[in-house]
Every structure is written in structure tokens, then in C-alpha cells.
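Participant: Have a look at this prediction, sequence included:
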2 protein chains.
Amino acid sequence: MINRPQEITYYDVVGIGNAIVDVLAKVGEGFLTERRLPKGGMTLVDARAAGRIYSDIVPEREVPGGSAANTVAGLASLGGAPAFIGKIHDDELGQEFTRDIGAAGVDFFTKPLNEGPVTGRSIVLVTPDAQRSMFTYLGASKKLSVEDIDENVIKASKIIYIEAYLWDEDCDKEAIIRAARLAHQYDRKVAFSLSDKTCVDRHRQEFMKFIIDEVDILFGNEDEIKSLFEEEDFYQTLDKIKPHVEIAALTRGAKGSVIVNGRVKTMVEAEKVDNVVDTTGAGDLFAAGFLYGITQGRSLGTCAIIGSIAAAEIISHYGARPEVSLRGLVRKKLMSYGIHP
Amino acid sequence: MINRPQEITYYDVVGIGNAIVDVLAKVGEGFLTERRLPKGGMTLVDARAAGRIYSDIVPEREVPGGSAANTVAGLASLGGAPAFIGKIHDDELGQEFTRDIGAAGVDFFTKPLNEGPVTGRSIVLVTPDAQRSMFTYLGASKKLSVEDIDENVIKASKIIYIEAYLWDEDCDKEAIIRAARLAHQYDRKVAFSLSDKTCVDRHRQEFMKFIIDEVDILFGNEDEIKSLFEEEDFYQTLDKIKPHVEIAALTRGAKGSVIVNGRVKTMVEAEKVDNVVDTTGAGDLFAAGFLYGITQGRSLGTCAIIGSIAAAEIISHYGARPEVSLRGLVRKKLMSYGIHP
């Protein structure tokens, strides 16, 4: 049959996640301790608390953020074809988010809110050690619903990529489950990112069930996977995750990454980064590069190399969106490693 | 240009090695200690010593052997197209070797000796712990010369595979170097097996030079690679071999295998074997499966899985040639692991 365009995957990846604008600010170590704000990771705040922190900082830049949104923007920069599903308010920040993600090369059609909470925002405080502590007001993001899961977009995508942050607060779990089930119904792969250690702490049981039932490709860093299994030894987690997913892609910062795929574990060195400026988005961009490799049929080792090249670019500057064409950067790097670009 | 058949690689692998017939015998632990024969590995003996051991054993079977010959026979059983270069005498044992390797599906054209040493043989003593101790009289094998390196066969093969045992005694190093250089001249890959720890001990400096100058794909087990670098820690050897070869495929018995390829290390579990009967040929058959995977464009993880399936078959019975069609066995196993066969 010729006339079945819906069978064609014209997207490589559709990301589903919180639609967030990041407000970046550099602060001293004292800023966090004085306000008893937790360092590292992501802390959820309400509109009032977000306002309080915001009034005390000098915002350096407002940049489009959101974990899965960063990933699909990275995927576009690598040369892939992504879409994004996430909820904004039709306010100034929401329009900014829409323009930015479109300019990055990502299709984004989710209907914005016209009433209720404003567009979500994350205040990212970067301390002199390049660590980021995020304080997030989810806002409109929480209102993602089953109606926003566009069946045509899901079936047109090779992979759907879901961020764990979606579980936070009273989001519509039904929307996420529907997206995953639709994907499998059309023989697509479901990828899931563990997002953040504290997020895993909050939803461990639900995540484990979701992973077992729906996830083909799992992303996480060392802290997140340890938290998932409440296990101290990273190497033990490799055998524990093995039976549950097709691929687990686990990152360990400067120690590189480990990809678990059945009987095969692939260990890949991290890219050298001379000057780490801001680690925001490292995991998101690793996932972008890894998924790009998967959609191009590359070996798992090469997928992880592309992931670490993308991650290395992101942590060498502020913000979680690439500042160069990742496509060109990856081509150059792969050739320097003797890998066909 | 159409009329250039010499550009076509109609062989996957040509093995270059000693042409040996294995004489297998089961002995008790006492047999070795009483005669002060070293246990494990391969010991070179002269014609007289070989005769003495032979007269004391009850030969269980005579089977075609030789490390690289085992590898190419395994490759044929996997569905690949191999050839073999090695020197026999035109005597009874030599004719047996020729018939057997032909029946296994390996092209073998090397001109036999009509005078001088008889066809090489290896007395393989298998102790109750399934360890094998080999006592080898190289005989005609030592007479392999530059004239035996058929340029047409080399340029018709994707990979040439050389066994380290060739270095033993006064073999013609020039023949080996010529084979490797011819291969590179025609853009073919050169694979090299370290063969045996004591063999590495005997030729460490020459091997290191050969590896650096000529080898693309290196095979070895844990003991052999440790001996090569005189290094106690296996994990240290991984970083030491990395800059010198494109791929190092290192086996560790029941602990599985590690493939080093630039920035990527791939760790693969060993196949479970319920009853290890005789470990002779485990390394040879791992190389067969791995190289078969390479010639089929499989990922390094899958190459190592195919290698361990082939190795597991070999160690579950006496002798170093497959007793089932490895092609069918591998297809069945890969499917059971969810890997496209």
C-alpha cells in the first residue's frame, strides 16, 4: 500500500516533558547556605518561593530549558528530526519558549493554556564550582493532559522520550502512560530519563513499575540508578537493571558512561573538558547524542561517544542548549577518533 | 573497470599458521608430574621427545589441529568463506590434515614438502580437571616460507589471521611480515593471536614490534596480554594496548571477554557451559566467531557473543573442531538473546 503516510516515521524522537524557561544566575556558596537552599539537583518550589529567590538574584540570562526539551533541541542540532510535547501558558515566557524551540528546529504544536498557572520556570543557581542547583516552579507544565498526546505525532516518531520530572506534583499520569502505550502499539521505542536523584527518591515505586511495563531505553546517571535500586554499588545496579530494559545508558560524569544491553556492557570514556562552566543539561544532551546515534543505526559505543561529545559542549558554557552546530562538532570528533562520521 | 576479479574479496579470512594434527589422550594428574612435564599451555618438543610421550599414552583420537587452522575451520562452520596457509609434509598425517581441513570447508593450497621433516603433531594430554597440556613437534610447519604466501589469496581475503605460534623455533619471519604487508597494501586487515602465555614469554619484544607495525585486530587471553606487557593488573593492560591496535579482543574464560576499541570498552558475558570437557581450541573458536561477526559487519558486542557461543561449543567436547553446525547454533542462540541472527 502506498497511501499510508501515517506509517512513515518522519520524526526521530518526540520528547515529552515540562516546558520550562531557565533563569540562570551566578551566586556565591553563601547564597544557598544563608537561605537554607539545598545544593545540587532540582527542588520544586511554589510560585511564591520562586518569586522570593528571583527577587534576590541578578539574572544572567533567560534560556529555554526543560529536560526533554533540551534533549530534542540537542537532537535537532545533531541533524535529527525531533518534536516536543509539553504545556505552556500563552504568556510572554510561553511565547519565548515556543519561539526558541522552533528556532532550534523542533516541531512544537501543544495547545497553550489561556488561563490558570503561568509558564513554568526554573531558577538555576550556578556556584563557583560549576554545580547547578535548580529551583523549579512547574506552572502550566503540570496541566499536560491526555488530550495533548497527539497520536499522529507519536506514531510518526521512531522513539518517544519521556522525562521523569513529569511525575512531579499532580501531573496527569494517564497522559504519560497513554503516550507509552500508543508508541508500543505503533512499534516505536519508549525512552525514559530518570532526570534527578531526588525525583527518583520521590517516585521510586512508580518509576520501577513504569520501567518494567513500558521502557525500552533507560537513561540515568550514577546517583539516579543507585537511588532507583537503593543500592550503594554502581556495578550491582548494572545487573539489576539488565532484565528490565533493552538498553540502559548510564552516565558517570568524568568517569564516562556504561551501556547495558543484555549480555553486553559497553564502557565509554568521557570527553575531556578543559573548563567545566555549568553542568546543567549534561544528561539531557548525552541522551540527545545517544538517541541520535540509535536512530542512525550506530553501535552502542558510538552512540555513547556522540552523547558525550554533545554533553561536553553543553557543560563548557552556561545553559543547556548547544551554542555550536553539534552536527559539525560530532563529525569532526568522530573523524579524529577514526570512526566513520 | 569490470575485469578486475583480483579486487574482489572472495575469502572472509585466510589463516596462516602451523599445520598440526592433534593427538588427544586422557591422562591422570600423575602422568605429568612423573615425567616432569609442565601442565597447561604448549611446550615445544623435538621429534625424539614427541616419540617418547607418544609411546606412553593411549591415543584417544587424532584430530586436525593447529591454532589458526582451528579458527578457519570454525569460521567455515559459522558460514564464512576461509582459506588456510600452512606447511605439511606429503605423508600420511599431512594427507589427513589436508582432507580434514577441506572437508571442513576451508580452501588449502600450500605446496607440501616431499623431503625433510614430517607433518607437525601436537600431543594433547587432558587431565581430569579438563585442562590441556600440549607437547608439540612442529615438523614441516617450520618450513613455511615466503614462496608459500600466495599474493592472490591474501588480496582476496578481507582479513588475514596469523597465529603467534608461527614465531616458535627457526620459522621464516620474512614470510609472516610479507603476508601482513601484502594485506595492508591491498587494504585488508591483519589479525594476530597471541596463542599462548609461554609463547608470548619467548617472543615478547618481537610481538610488540609486530603488533605496533602491522596488527589491526589482536586476540589474546588474560594471561597472554598480561605477559605481553609484564603487567599484573588486567585492567591496566586494556589502556596499554589501546593505542597500538584498532581492536583488542581479550578473553577471560568464564569471566567473559573485553573488547578494546579506542574510547570504547565492551564487556561481554561468557556463555554458560554445564560440563567443560576440554578447553583446547577455546581461544581459536572465540577468534573464529569474533572474526565472522566482523566480516558480517556486526557490532563488537555481537562479535564477542558469537565468539563465546563458538568457544562454548568447542570446550563441551574433546578436540578443537566444531561437532555441530556453528551457523545453526549461533542463529538459535542470538535469537534467544533477542539479537537479530
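Facilitator: It's in.
Participant: residues from chain A in reach of chain B?
Facilitator: Neighbours of chain B within chain A, by C-beta under 8 Å from any C-beta of the partner chain: A:246, A:261-269, A:299-302, A:304-305, A:337-339. No exception for glycine: its C-beta is placed from N, CA and C like everyone else's.
Participant: which of the residues you listed count as buried?
Facilitator: Buried by 16 or more other C-beta atoms under 10 Å in any protein chain shown: A:261-269, A:299-302, A:304-305, A:339, out of the residues of chain A next to chain B.
Participant: Just the ones of those in strands?
Facilitator: Those of those mapping onto strands are A:Asn261, A:Val264, A:Lys265, A:Thr266, A:Met267, A:Val268, per DSSP state E.
Participant: Following element in sequence after the least confident helix or strand in chain A by mean pLDDT, please.
Facilitator: When each helix and strand of chain A is scored by mean pLDDT, DSSP states H and E, strand A:61-65 comes last, with a mean of 85. Sequence-wise, the next helix or strand downstream of strand A:61-65 (DSSP states H and E) is helix A:67-78.
Participant: How far off centre is that next one?
Facilitator: Its chain's C-alpha centre and that of helix A:67-78 lie 8 Å apart, by C-alpha atoms, centre = their mean, to the nearest Å.
Participant: what about it, average pLDDT?
Facilitator: Here helix A:67-78 scores 96 as its mean pLDDT.
Participant: Please enumerate the helices of the stretch 1-150 of chain A.
Facilitator: All helices of the stretch 1-150 of chain A, identified by DSSP state H, counting those that start in this stretch, fall at A:29-34, A:47-56, A:67-78, A:92-103.
Participant: Export those helices as a markdown table, with columns for mean neighbour count.
Facilitator: Listed next are the helices of the stretch 1-150 of chain A as a markdown table, based on neighbours: other C-beta atoms under 10 Å in any protein chain shown:
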| stretch | mean neighbour count |
| --- | --- |
| helix A:29-34 | 13 |
| helix A:47-56 | 13 |
| helix A:67-78 | 31 |
| helix A:92-103 | 18 |
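Participant: Reformat the ones you listed as TSV; add distance to A:Ala19.
Facilitator: Compiled in TSV, the helices of the stretch 1-150 of chain A are given as follows (distance: least, C-beta to C-beta, whole Å):
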stretch	distance to A:Ala19
helix A:29-34	26
helix A:47-56	16
helix A:67-78	6
helix A:92-103	6
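Participant: Specify the stretch among those helices that is closest to A:Asp22.
Facilitator: helix A:67-78 (9.0 Å; C-beta to C-beta).
Participant: Check which helices and strands that closest one is in contact with.
Facilitator: For helix A:67-78, the packing partners by 3 or more C-beta pairs under 8 Å, 6 or more residues apart in numbering or on different chains; DSSP states H and E come out as strand A:11-16, strand A:82-85, helix A:92-103, strand A:157-163, strand A:189-193, helix A:282-295, helix A:300-315, helix A:326-336.
Participant: from memory A:Lys158 sits against A:Thr9, does it?
Facilitator: Yes. The pair A:Lys158 and A:Thr9 passes the contact test of C-beta atoms under 8 Å, sitting 4.7 Å apart.
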